[in-house]
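# Sequence plus predicted model, see below.
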Amino acid sequence: MLNERLIIDIFDSVLYRGSQLSFSEFRADYDFLSVVYLQNDCEPCYENFLEWSVMMKTFSHGDKHTLLFVIQSLDVNSFFHQVKDLPFNEDGFFIAHDSIMSFRNSNNGNIPSWIMDASVLIDSENRIKMVGAPWLNEEMTELFNSIVYEGK
């Protein structure tokens, strides 16, 4: 699935620190995105959100990379009610709300669910460059840094 294109430009806007930003403007600002797909009413997803929120702070790459949470939920606020202990509006991560639930199923149905669940790193052309969290082990951290910093 490496270099497979992730269909991510289906969103009109993203949430950022409590405000809305056009998706095209957001996407133009970053060369790389870590895309983390989460579902409401999914207990492991809440923990995954918290883990990514905390761990990605150590992987700051300025304007080269950022984190995008894609949250599948009819009401995004119900998701955040479940993770209410985290002040997500202050973290500076971007959130795309998939209220019609098309991101994973109809638009990216060719990508196996285990890959979507693991998260992906995509480049400026939305091609998958890495699967999984960069902090899992030293090799993943080195791979992440080589892709984002060196463009490998």
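Received it, and whenever you're ready, just let me know what you need. Numbers count the residues shown, from 1 in each chain.
# center of this structure, which residue is that?
Nearest to the geometric centre of the chain sits Val35, at 2.3 Å (Cα atoms, centre = their mean).
# Relative to the helix or strand containing that one, what are the paired strands and their orientations?
Secondary-structure element containing Val35, defined by DSSP states H and E: strand 32-39. Sheet pairing of strand 32-39 (DSSP bridges) gives strand 65-72 (parallel), strand 120-122 (antiparallel).
# Need the residues that contact it.
By Cβ atoms under 8 Å, 6 or more residues apart in numbering, the residues outside strand 32-39 that reach it are 6, 8, 27, 45-46, 48-49, 52, 56, 61, 64-73, 79, 103-104, 116-117, 119-124, 129, 134, 147-148. For the C-beta atoms, the positions are set from N, CA and C on the backbone; glycine is no exception.
# Next secondary structure element downstream of that strand?
Stepping forward along the backbone from strand 32-39, the first helix or strand reached (DSSP H and E) is helix 43-55.
# The chain: helices as residue ranges?
Using DSSP state H, the helices assigned to the chain run over residues 23-28, 43-55, 76-82, 113-118, 138-150.
# Work out the gap between the second one and the centre of the chain.
Using Cα atoms, centre = their mean, to the nearest Å, the distance from the centre of helix 43-55 to the centre of the chain it belongs to is 11 Å.
# go on, the third one?
Remark: helix 76-82 is offset 17 Å from the chain centroid, using Cα atoms, centre = their mean.
# repeat for the last one
Taking Cα atoms, centre = their mean, one finds the center of helix 138-150 at 17 Å from the center of the full chain.
# and it with strand 32-39, angle?
Between the axis of helix 138-150 and that of strand 32-39 there is an angle of 130 degrees, by axes from the mean of the first three to the mean of the last three Cα atoms, to 10 degrees.
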